[in-house]
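Asker: Task: produce atomic coordinates for the following.
(one chain, ligands or ions: 1)
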Amino acid sequence: MCMQSFRVEIKNRCWVEASFKLDEYKNVLSVDWHAQGSFDLIQECEKFFKLALQKNLESLSVVGVKTAQLMLNELLDKAKGVYKSVDDIEICHCRKINRSEIIDAILLGAHTPEKVKKWTTASSGCGTCRSDVDKLINELIKRDVSKS
Ligand code: FES
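Answerer: Sure, this is the predicted structure:
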């Protein structure tokens, strides 16, 4: 039996923390979770963590592209050990926009390059970072759409 804790956060907006108590086969025995954010986020957390009980951690997934669903998927990736941690590098050099700012915008609903541009100003200069913005959107959104 082991206890593992994970956290997902959109800076200055919302966060979810969860401690999973797992048996030796990674079945979820209990989840102690806390969250702060929108009503939708709290509701999605309640629904998801209730469903997670007695299930195998590896079999869990969250389908959908709402902020809460994307955050829970990131939390699950961390719990499964498949989360790709990368440096928070500057993606848009013209506007000085870091990777984390673009990811936060995508999590909050900027699911197109145009919206990311409008919300963050990334790719509103020379445009050379546009492919990196597209790639981040695809990583976060498209993989989830393919599950549904
Ligand atoms: S590097 Fe992003 S617009 Fe130029």
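Asker: Which residues in stretch 25-34 does the neighbour count mark as buried?
Answerer: 26, 27, 28, 31, 33 (16 or more other Cβ atoms under 10 Å). Where C-beta positions appear, they are placed from N, C-alpha and C, glycine not excepted.
Asker: what residues does it touch?
Answerer: Defining contact as Cβ atoms under 8 Å, 6 or more residues apart in numbering, one finds that stretch 25-34 is touched by 1, 16-23, 45, 49, 52-58, 60.
Asker: among those residues, which ones are buried?
Answerer: Buried members of the contacts of stretch 25-34, counted by 16+ other Cβ under 10 Å: 16, 18, 20, 22, 45, 49, 52, 57, 60.
Asker: which SS class is the closest residue to the first one other than its chain neighbours?
Answerer: In space, not counting the residues next to it along the chain, residue 16 is nearest to residue 35; the distance is 4.4 Å by Cβ to Cβ, 6 or more residues apart in numbering. Under DSSP: H, G, I helix; E, B strand; the rest coil, residue 35 falls in the strand class.
Asker: Find me the pLDDT at residue 35, would you?
Answerer: In this model, residue 35 is scored at 96, pLDDT.
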